[in-house]
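Engineer: here is a sequence together with a model predicted from it:
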Amino acid sequence: MTVTVFRQFLREALFKLGKRIEIFTNTGSRTNWKVEKQASPGNLQDVEDELGGQFDSAPMILAVKISAKANEARSVGICFADASVRELGVSEFLDNDLYSNLEALLIQLGIKECLIQFDKAEKDKDPELAKIRHIIDNCGIAMAERPAGDFGTKDIEQDLARLLKDERSATLLPQTDLKLAMGSAAALIKYLNVLQDPSNFGQYQLYQHDLSQFMKLDAAALKALNLMPGPRDGSKNMSLFGLLNQCKTPLGSRLLSQWLKQPLMSKEEIEKRQQLVEAFVNDTELRQTMQEEHLKSIPDLYRLSKRFQRNKANLEDVVRAYQVVIRLPGFLGTLEGIMDEVYKDPLDEAYTNKLRSLSDSLGKLAEMVETTVDLDALDNHEFVIKPEFDDSLRIVRRKLDKLRSDMEKEFRNAADDLNQEENKKIFLENHKVHGWCMRLTRTEAGCIRNNSRYQECSTQKNGVYFTTKTLQSYRREFDQLSQTYNRTQSSLVNEVVGVAASYCPVLEQLAGVLAHLDVIVSFAHCSVHAPTSYVRPKIHPRGQGSTILKEARHPCMEMQDDIQFITNDVEMKRGESSFLIITGPNMGGKSTYIRQIGVVALMAQIGCFVPCSEAELTIFDSILARVGASDSQLKGVSTFMAEMLETANILKSATNESLIIIDELGRGTSTYDGFGLAWAISEHIVKEIGCFATFATHFHELTALADQYPQVHNLHVTAHISGAESNGTPAPEAKREVTLLYKVEPGICDQSFGIHVAELVRFPDKVVRMAKRKADELEDFTSKHEDGLGLQYSKQDVEEGSARLKEVLMKWKDDVKGGQMSKEEMIARMRELVKADEKLLANPFFAAVKVL
């Protein structure tokens, strides 16, 4: 298996399939194998080098321990870690019977793997454990079961004392009072094996995570708002992360992923981010210089720091850290050149002051590298100590330089002999397999074939590698001398790497500042380069104000090719229009409309500009969604059951500051049961919860809620029916054409045009005709059985018209009783009797019945 294929396999197994990996090595005999490396989705420490490349989000791992006693609220204790930055977070909270808070926390933290307590005897008997398994599975998180003994807290204080930076006794930490969380911490520390590596001692930080500091999102909202890319997403713009991720560094991409799952709840913090975004939106030169010149060249500083901490760093890593340090004055110069003075203070507070301080702290590192490392050798991709440091190094360096000039001479001779232009058609390169050799472009390679002076090494995509006997002898000598040089300089290299490693905390602080800057610049880039520029939304304090969006758009939808997005206004006012019911045709844009409200709210709370012409929003404490449950059958849950579970979760989690998004409800059961549930749930949200909510439905009867509650507002998506009427007469069904306008207007739409959608997807004509005929029959049937006409006329007209019609029918019955009349005569007699009764003819209810 090649390195590339192995890397691809590792990524697929860990990130997409959520599997654990064990890598074995042979210790001599054929049967003697031992585990050398282990990895799981939340613990990548052993295989970081093998994985290579960048990760979109940090490998977060969490352990959970619960206490559920009869008739009491459930207590949940969790501990989570990102081993790459050496942080442990703990939290303990009360939860409902559906564990809504735990689900929100798993999403907030972007957890990749979850440890749960496992007891063989109790495995199938514990209903609480089954619920937690379901939540973890629903969030797409890998699960690892650990024995109950791992969650014991006997040694936890001693373990924490060894791991934490703070020298004080771990018993003094307030977090140690959280007994359930400490049990989770014990299991996590054991699972990650952090105590086996002495380099971890005194390096970790412990902090308490507050669940309420960020907006809560449930798993359904994560899918409904398309926050993160899914396995089936073709274009990167199909997810909000893909759209907003114009970050130039892996640090920025990871922070953006975290921000999307942790929207802010503080108006001040949101406005701070908005002001920084505005600075880069208004100053094009500042934004472009930052993206194209400065951020582009920043490596993954967290991973670099990790290599130093684990004693895996080499001179190349020291040089990479140095290259970041020498670019900091460029960052500072660009930030200080801001055109508008209004933004100077916010930029100084967020970036300039911090970068200046960090640049000063790292100045000594830059000096050391410039003094000790041969920076001229970097051009040849060689990372070596300057030869001036040691006499033997100087001698070897002189020999190496002589060999380089001899190789150059041989290269020029070959170029002349083959009549090829140097460094355009023929090149001298240090190949990773063949060492120093020459390369010809594939088009020119014919000139060395059948020429005994040249030996071909390999043919690759970029050309043909070859050598000569003379160059081969130079290369062998060069390799031997290089090894001698490396052996001689190794102790000096270790010293340099050791000194550089002491700067790890400063490099990690720098990584945090640059990641923040990268995400803010990315927001500004997206805001400016959207088909229509985004605007800065006005934010109201929690629990106050309305949500009003002018010409709102769905950010991902408008980026798709060949789409001219139709904008729509949104008006959600407390007490006036807080509950929106949207009816209208299939494919008319109902789902897009309600989802874009959620997406805009989330974008506003992460500090980004929003796709509207004008926007004001209140701060939501959670976005809860009920949308399609297509994959629930695979988990042994019916579609309707999944729908009810999601809805139960919403009703238990929502507060009066939540935003609820419901896209169809009650479809998986009979029409009457489904409508009854939809009505009851809507009424509960309006009366009991009182939060902002949007409900897209095909139950047109649900719109009657607006007659009972003033805060319910009916909207519909419009459709144009061409040829619907001609000279006042309905057009034949075949000539009717439905054009969806995707515009949301006030009022009710009482048709769904489902048959029109069937026509669009090329259903057989016979099936479509039969469907239309059956629909017409059902409409006739319901109109006869539901006395629909009675709703259109006053009670007096209906009663009077019915009574007079009954009299006429009784008279007609007496007249035709003998059976002497033919069919035509009977009809003629009926017409005479009707014409003779003027009051009956004047009755509006009878006039409508006569038309039928």
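Structural biologist: On my side now, so go ahead.
Engineer: can you list the domain ranges for the chain.
Structural biologist: Residue ranges for the domains of the chain, per automatic domain parsing: 3-41, 46-213, 245-362+503-529, 387-499, 538-752, 789-851.
Engineer: endpoints of the second one, how far apart?
Structural biologist: Translated: domain 46-213. Counting by Cα to Cα, to the nearest Å, you get 33 Å between the two ends of domain 46-213.
Engineer: quick one, longest helix in this structure?
Structural biologist: The longest helix of the chain (DSSP state H) is helix 469-501.
Engineer: mean pLDDT lowest for which of the domains of the chain?
Structural biologist: With a mean of 77, domain 789-851 has the lowest mean pLDDT of these.
Engineer: can you pull out the helices in the stretch 201-350 of the chain?
Structural biologist: All helices of the stretch 201-350 of the chain, identified by DSSP state H, counting those that start in this stretch, fall at 219-224, 240-244, 250-261, 267-282, 284-289, 301-309, 315-325, 328-336, 344-347.
Engineer: ok now the shortest one, how far from the chain's centre?
Structural biologist: With Cα atoms, centre = their mean, to the nearest Å as the basis, helix 344-347 stands 30 Å off its chain's centre.
Engineer: any idea how far L514 is from K248?
Structural biologist: For K248, the distance to L514 equals 10 Å [Cβ to Cβ, to the nearest Å]. Heads up, the C-betas are built off the backbone N, CA and C, glycines and all.
Engineer: ditto for H540
Structural biologist: 32 Å.
Engineer: neighbour count: those two, which is higher?
Structural biologist: L514 (27 against 15; other Cβ atoms under 10 Å).
Engineer: ok so that one is a helix residue?
Structural biologist: Yes. Judged by DSSP: H, G, I helix; E, B strand; the rest coil, L514 forms part of a helix.
Engineer: wait, it sits on P299?
Structural biologist: No. Taking contacts as Cβ atoms under 8 Å, L514 lies outside contact range of P299: 10.4 Å.
Engineer: now for these two: what residues contact both?
Structural biologist: Each of T249 lies in contact with both L514 and P299 under the rule Cβ atoms under 8 Å, 6 or more residues apart in numbering.
Engineer: coming back round to it: can you give me the angle the longest helix of the chain makes with helix 315-325?
Structural biologist: 60 degrees (axes from the mean of the first three to the mean of the last three Cα atoms, to 10 degrees).
Engineer: which parts of helix 469-501 are buried?
Structural biologist: Within helix 469-501, the residues scored as buried using 16 or more other Cβ atoms under 10 Å are 471-472, 474-475, 478, 481-482, 484-485, 488-489, 492-493, 496-497, 500-501.
Engineer: what's that helix packed up against?
Structural biologist: Judged by 3 or more Cβ pairs under 8 Å, 6 or more residues apart in numbering; DSSP states H and E, the packing partners of helix 469-501 are helix 301-309, helix 315-325, helix 363-372, helix 391-418, strand 435-440.
Engineer: give me whichever of the ones you listed is most buried.
Structural biologist: Mean neighbour count (mean count of other Cβ atoms under 10 Å) peaks for strand 435-440 among the helices and strands packed on helix 469-501, with a mean of 22.
Engineer: with just CA atoms, put that strand into CSV.
Structural biologist: Extracted C-alpha coordinates of strand 435-440, given in CSV (Å, rounded to 0.1, in the frame of the first residue of the first chain):
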residue,chain,number,x,y,z
GLY,A,435,19.0,11.9,-5.0
TRP,A,436,20.8,14.4,-7.3
CYS,A,437,19.8,13.7,-10.9
MET,A,438,18.6,15.4,-14.1
ARG,A,439,15.1,15.8,-15.4
LEU,A,440,14.0,16.3,-19.0
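Engineer: run the chain-centre distance for that strand.
Structural biologist: Centroid displacement of strand 435-440 relative to its chain, using Cα atoms, centre = their mean, is 45 Å.
Engineer: in its sheet, what does it sit against?
Structural biologist: When pairs are called by DSSP bridges, strand 435-440 turns out to pair with strand 426-431 (antiparallel), strand 463-467 (antiparallel).
Engineer: got the contact list for stretch 8-21?
Structural biologist: For stretch 8-21, the external contacting residues (Cβ under 8 Å, 6+ apart) are 1, 37-41, 44, 47, 50-51, 53, 55, 112-113, 140-142, 144, 231.
Engineer: repeat that for stretch 526-534.
Structural biologist: With contacts defined as Cβ under 8 Å, 6+ apart, stretch 526-534 is touched by 243-244, 246, 277, 281, 284, 287, 553, 555, 558-559, 565, 608-613.
Engineer: re the thing from before, next step: the contacts of stretch 8-21 restricted to strands.
Structural biologist: Secondary structure from DSSP state E places 37-39, 112-113, 142, 144 of the contacts of stretch 8-21 in strands.
Engineer: which of those residues are buried?
Structural biologist: With burial judged by 16+ other Cβ under 10 Å, the buried subset of those is 39, 112-113, 142, 144.
Engineer: now, which of the residues you listed sits nearest R439?
Structural biologist: Of all those, R439 sits closest to A39, with 37.2 Å by Cβ to Cβ.
Engineer: ok, that closest one touching V47?
Structural biologist: Yes. Using Cβ under 8 Å, A39 is in contact with V47, at 4.4 Å.
Engineer: name the residues contacting each of those two.
Structural biologist: Shared contacts of A39 and V47, defined by Cβ under 8 Å, 6+ apart, comprise 10, 14, 21, 23.
Engineer: got TSV for those, with neighbour count, secondary structure and distance to L178 too?
Structural biologist: Putting those into TSV (neighbours: other Cβ atoms under 10 Å; DSSP: H, G, I helix; E, B strand; the rest coil; distance: Cβ to Cβ, whole Å) gives the following:
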residue	neighbour count	secondary structure	distance to L178
L10	19	helix	36
L14	25	helix	31
I21	17	strand	32
I23	14	strand	36
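Engineer: and which of those is nearest to F763?
Structural biologist: Nearest to F763 among the shared contacts of A39 and V47, counting by Cβ to Cβ, is L14 at 43.8 Å.
Engineer: for that closest one, give its distance to K573.
Structural biologist: Distance from L14 to K573, by Cβ to Cβ: 48 Å.
Engineer: same thing with L115?
Structural biologist: 46 Å.
Engineer: of the two, who's got more company?
Structural biologist: L115 (27 against 14).
Engineer: could you single out the most deeply buried of the strands paired with strand 435-440?
Structural biologist: strand 463-467 (a mean of 21).
Engineer: just the buried positions in stretch 687-702, please.
Structural biologist: 689-700, 702.
Engineer: also stretch 798-806?
Structural biologist: 798, 800-801, 804-805.
Engineer: quick check: bridge partners of S91?
Structural biologist: The partner list for S91 in beta bridges (DSSP bridges) reads I78.
Engineer: show me the contacts for it.
Structural biologist: Applying Cβ under 8 Å, 6+ apart, we find S91 in contact with 77-78, 105, 178, 181, 208-211.
Engineer: looking at these, which are in strands?
Structural biologist: Judged by DSSP E, strands contain the following of the contacts of S91: 77-78, 208.
Engineer: who does T583 bridge with?
Structural biologist: As for beta bridges, T583 partners with H716 under DSSP bridges.
Engineer: that one: neighbour count?
Structural biologist: T583, neighbours per other Cβ under 10 Å, totals 24.
Engineer: I am finished for the moment; much appreciated.
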